[in-house]
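# What shape does this take:
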Amino acid sequence: MELGKQDTALLIVDMQNGFCDANGSMAKLGFDYRRLAEPIGACRKLLDAARETGIRTMFTQYVYRADFSDGGVVADEVFPGLKDVGLCIDGSWDAAIVEQLEPHDGEVIIKKNRPSAFYSTPFESYLRSMKIQNLVICGVTTNICVETTARDASQRDYRTFVVSDAVGEVEQDRHDAALKSLGYLFARVLTVAEVLQSWDVEPSTAG
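Numbering: from 1, shown residues only. Okay, here's the model as predicted:
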């Protein structure tokens, strides 16, 4: 499964203040936000390269209504602490994509309230209209939203690529397990350098 520039999109998953900033909700919940902020630079290299070469760039943004009426079982029962800290309420600073990766006008932002970018969103409609066949995925978190989206993409017969050094998880063992699982059947796991090489971009010019 080779990656090129034709029919390819870059998907940056949930790189938001709530996950990646010291003042964000994940930090307030006691998680190590630094592990989630770490991929920002690598994601920026991919973003710059995609923009330079004309590859479609898309973002996901995890958001909830202010009353969490759309939070379902996760917010109500599994992890009610999300409500306590107001995780990623739509329109809030917490929900905003980090400044270093701020989308440009015209770049697609998929708002979602479940881990998969495909669930109850127009994401696949965009992919079809753009005639995308190859999906390059980076962002957070490796074990939840990245993995769930990658599995869903693979099962819809998109050629799926996950960038190992441009994804992050709050625990190393979950990060490692997710990449190992994805690489077995659902995606090809590449590095930033390998993606840039496939796009004919010199690493020194990206980011």
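
# How are the helices of the chain distributed by residue range?
Listed in chain order, the helices of the chain (DSSP state H) span 17-20, 25-28, 33-37, 40-53, 72-73, 81-85, 123-129, 147-155, 172-181, 192-198.

# Least confident of the ones you listed, on average?
Lowest mean pLDDT within the helices of the chain: helix 81-85, a mean of 91.

# just checking, what packs against that one?
Judged by 3 or more CB pairs under 8 Å, 6 or more residues apart in numbering; DSSP states H and E, the packing partners of helix 81-85 are helix 25-28. (Each C-beta comes from the backbone N, C-alpha and C, glycine too.)

# Turn the helices of the chain into a markdown table, including mean neighbour count and distance to G4.
Conversion of these to a markdown table gives the following (neighbours: other CB atoms under 10 Å; distance: least, CB to CB, whole Å):
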| stretch | mean neighbour count | distance to G4 |
| --- | --- | --- |
| helix 17-20 | 27 | 30 |
| helix 25-28 | 22 | 35 |
| helix 33-37 | 21 | 30 |
| helix 40-53 | 20 | 10 |
| helix 72-73 | 10 | 38 |
| helix 81-85 | 15 | 39 |
| helix 123-129 | 15 | 17 |
| helix 147-155 | 22 | 17 |
| helix 172-181 | 15 | 22 |
| helix 192-198 | 19 | 6 |
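
# who wins for proximity to G106 among the ones you listed?
helix 40-53 (11.0 Å; CB to CB).

# Between the helices of the chain, which one is closest to D105.
Of those, nearest to D105 by CB to CB is helix 40-53, at 12.3 Å.

# How far does the closest one sit from its chain's centre?
Counting by CA atoms, centre = their mean, to the nearest Å, helix 40-53 is centred 13 Å from the centre of its parent chain.

# ok so, going back, ok, which of the helices of the chain comes nearest L135?
In terms of CB to CB, the element of the helices of the chain nearest to L135 is helix 147-155, at 5.1 Å.

# now the angle from the closest one to helix 172-181?
Relative orientation of helix 147-155 and helix 172-181, computed by axes from the mean of the first three to the mean of the last three CA atoms, to 10 degrees: 0 degrees.

# Tell me which other helices or strands helix 147-155 touches.
Using 3+ CB pairs under 8 Å, 6+ apart, helix 147-155 sits against strand 134-140, strand 159-168.

# Adding distance to A9 as columns, could you present the helices of the chain in TSV?
Below are the helices of the chain laid out as TSV (distance: least, CB to CB, whole Å):
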stretch	distance to A9
helix 17-20	22
helix 25-28	27
helix 33-37	23
helix 40-53	8
helix 72-73	28
helix 81-85	29
helix 123-129	7
helix 147-155	10
helix 172-181	21
helix 192-198	12
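
# Of those, give the one that comes closest to Q100.
Across these, closest to Q100 is helix 40-53 (CB to CB), at 5.3 Å.

# contacts for that closest one?
5, 10, 12, 15, 20, 55-57, 98, 100-101, 104, 136, 138-139, 163, 165-166, 192, 195-196, 199-201, 203, 205-207 (CB atoms under 8 Å, 6 or more residues apart in numbering).
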